[in-house]
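Novice: mind folding the following:
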Amino acid sequence: MDRQQEQESDNSSEVAYLREDQLRAQHHRPPAIDDAIKIGESTARVAMLKFCEAIINTFKEQYLRDPTTDDLARLLAENKERGFPGMIGSLDCMHWRWDACPVVWRGQYNGRYGYPTLILETAASQDLWIWHAFFGMPGTNNDVTVLDYSPLFNRYMDGTAPPIEYEVNGRQYNLPYYLTDGIYPKHAVFMQAKNNPVTAKERAFTTLQEACRKDIERAFGVLQQKWRILAMPARMRKTSDLLRVMTTCIILHNMIVEDECGHNLPVWTPPIEENQNFPEHEQSVEDVRLLYRIRMGRIRNSETNVRLCDDLINHQWMRSGGENI
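Specialist: Numbering: from 1, shown residues only. Prediction:
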């Protein structure tokens with residue numbers, strides 16, 4: 001009899017715990033959260049934002065940094081082994097539902113999903129480290145529009161990006177590239193899969209490109225799985241608060257990636273004006289505009305994209321044991 005009572009008590013406890021977990025998962029019911037953590041909703045929100053601010057101020061420079069020279073060397077070596085020399089990651093966008101969007105803004109933020117969203121543009125590597133994050137564009141934009149406002153290539157445009165050189169199929173290149181889906185333009189810094197692969201070489205290239213590009217999809221999935229707040233509709237009204245939450249989640253995500261992957265990297269130290277290639281003399285406005293047009297032309301060069309794609313197809317075909325046709 002005692003054992004039966006103990007078993008019933010254990011079962012009731014399990015049901016109670018399960019009920020509490022379900023209430024916590026229901027993001028639209030703040031009283032359940034109040035009962036669990038014993039503080040008010042507004043107090044919990046203020047405490048969370050202060051925590052986010054502390055994380056960003058302390059760790060952003062290290063865990064949300066642009067790739068350094070050593071980082072780029074490691075990324076290039078890893079991706080060369082995968083069959084994509086010169087590739088430094090995969091690029092894509094995800095949407096975060098925003099239920100607390102003000103009514104007057106809903107027309108601007110209502111995208112293809114039928115509800116307001118905010119867009120996160122991200123570049124990630126094979127180990128799921130997020131190297132670039134640009135957040136806050138309204139959900140009515142597509143990936144190309146977000147790219148127009150993104151700071152992804154600011155370092156290259158400023159002339160402060162580390163120089164990169166690599167060889168593909170006997171040809172030299174000096175611009176790294178990201179794997180993307182078909183919506184991105186055919187620029188020198190993007191590499192898409194073949195839309196209608198015909199030959200065996202093109203089919204093999206498309207299969208490998210799509211497989212490697214899943215790195216960014218995996219990064220999105222892990223990010224939302226570890227930080228459930230990103231998988232739930234956002235309930236804060238200020239976009240600045242949402243930006244702090246998103247930035248904090250990405251920093252903590254990269255901390256976990258560093259701990260789990262164990263690259264045996266040296267202790268990180270802040271770079272001291274690394275690769276500052278500014279000329280000693282003061283540049284005129286005309287010179288700056290000319291450099292800007294030249295660099296933008298290199299980035300948007302579609303001929304380089306086509307040539308690089310052909311070289312990658314032949315490189316991967318020869319690497320897999322095929323004959324160069």
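Novice: show me how far stretch 204-211 is from its chain's centre.
Specialist: Between the centre of stretch 204-211 and the centre of its chain there are 20 Å (Cα atoms, centre = their mean, to the nearest Å).
Novice: can you tell me the element Ala219 falls in?
Specialist: Secondary-structure assignment from DSSP states H and E places Ala219 in helix 200-226.
Novice: so for that helix, what gets flagged as buried?
Specialist: 201-202, 204-206, 208-209, 212-213, 215-216, 219-220, 222-224 (16 or more other Cβ atoms under 10 Å). (Each C-beta comes from the backbone N, C-alpha and C, glycine too.)
Novice: just flag the most distant two among those.
Specialist: Across these, no pair lies farther apart than Lys201 and Gln224, at 36.2 Å, counting by Cβ to Cβ.
Novice: surely Ala161 and Arg155 touch.
Specialist: Yes - contact criterion Cβ atoms under 8 Å: Ala161 and Arg155 qualify, at 4.1 Å.
Novice: ok, those two, which is more surrounded?
Specialist: Ala161 (19 against 14; other Cβ atoms under 10 Å).
Novice: could you look up the SS state of that one?
Specialist: Classification of Ala161 using DSSP: H, G, I helix; E, B strand; the rest coil returns coil.
Novice: number of nearby residues for Thr248?
Specialist: 23.
Novice: hang on, it in a helix?
Specialist: Yes - using three-state DSSP, the assignment for Thr248 is a helix.
Novice: show me the contacts for it.
Specialist: Residues near Thr248 by Cβ atoms under 8 Å, 6 or more residues apart in numbering: 51-52, 55-56.
Novice: same check on Lys214?
Specialist: Ser90.
Novice: what is the mean pLDDT for the helix or strand hosting Ala54?
Specialist: Using DSSP H and E, Ala54 sits in helix 41-63. Across helix 41-63, pLDDT averages out at 92.
Novice: in a strand, that's where Asn195 is, yeah?
Specialist: No - Asn195 is assigned coil when assessed by three-state DSSP, not a strand.
Novice: burial count for it?
Specialist: 8.
Novice: number of nearby residues for Val104?
Specialist: Around Val104 there are 7 residues (other Cβ under 10 Å).
Novice: how close does it get to Arg237?
Specialist: As for Val104, its distance to Arg237 is 12 Å (criterion: Cβ to Cβ, to the nearest Å).
Novice: same deal with Gln62?
Specialist: 31 Å.
Novice: which stretches of the protein form strands?
Specialist: Using DSSP state E, the strands of the chain run over residues 87-97, 117-124, 130-138, 166-168, 171-173, 177-179, 190-191.
Novice: which helices and strands sit right next to the shortest one?
Specialist: To tie it back to what came earlier, the one meant is strand 190-191. Using 3 or more Cβ pairs under 8 Å, 6 or more residues apart in numbering; DSSP states H and E, the elements in contact with strand 190-191 are strand 177-179, helix 302-319.
Novice: and the shortest one, what does it pack onto?
Specialist: Judged by 3+ Cβ pairs under 8 Å, 6+ apart, the packing partners of strand 177-179 are strand 87-97, strand 190-191, helix 200-226.
Novice: just the longest one next, same as before
Specialist: Secondary structure elements in contact with helix 302-319, counted by 3+ Cβ pairs under 8 Å, 6+ apart, are strand 166-168, strand 171-173, strand 190-191, helix 200-226.
Novice: okay, the helices and strands packed on strand 190-191 in JSON lines with distance to Arg228 next?
Specialist: Shown next, in JSON lines, are the helices and strands packed on strand 190-191 (distance: least, Cβ to Cβ, whole Å):
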{"stretch": "strand 177-179", "distance to Arg228": "28"}
{"stretch": "helix 302-319", "distance to Arg228": "38"}
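Novice: how about those, which one is nearest Leu252?
Specialist: strand 177-179 (23.8 Å).
Novice: contacts for that closest one, please.
Specialist: By Cβ under 8 Å, 6+ apart, the list of residues contacting strand 177-179 reads 84, 86-91, 123, 188-192, 209, 212-213, 215-216, 308.
Novice: recalculate using a threshold of 7 Å.
Specialist: Residues outside strand 177-179 that contact it (Cβ atoms under 7 Å, 6 or more residues apart in numbering): 86-91, 123, 188-191, 209, 212-213.
Novice: okay, now the unreliable bits of the stretch 101-250 of the chain?
Specialist: Applying pLDDT under 70 to the stretch 101-250 of the chain flags no residue at all.
Novice: what's the local residue count around the closest residue to Leu75 other than its chain neighbours?
Specialist: Once flanking residues are discounted, Leu75 sits nearest to Ile88: 4.9 Å by Cβ to Cβ, 6 or more residues apart in numbering. Neighbour count for Ile88, taken as other Cβ under 10 Å: 23.
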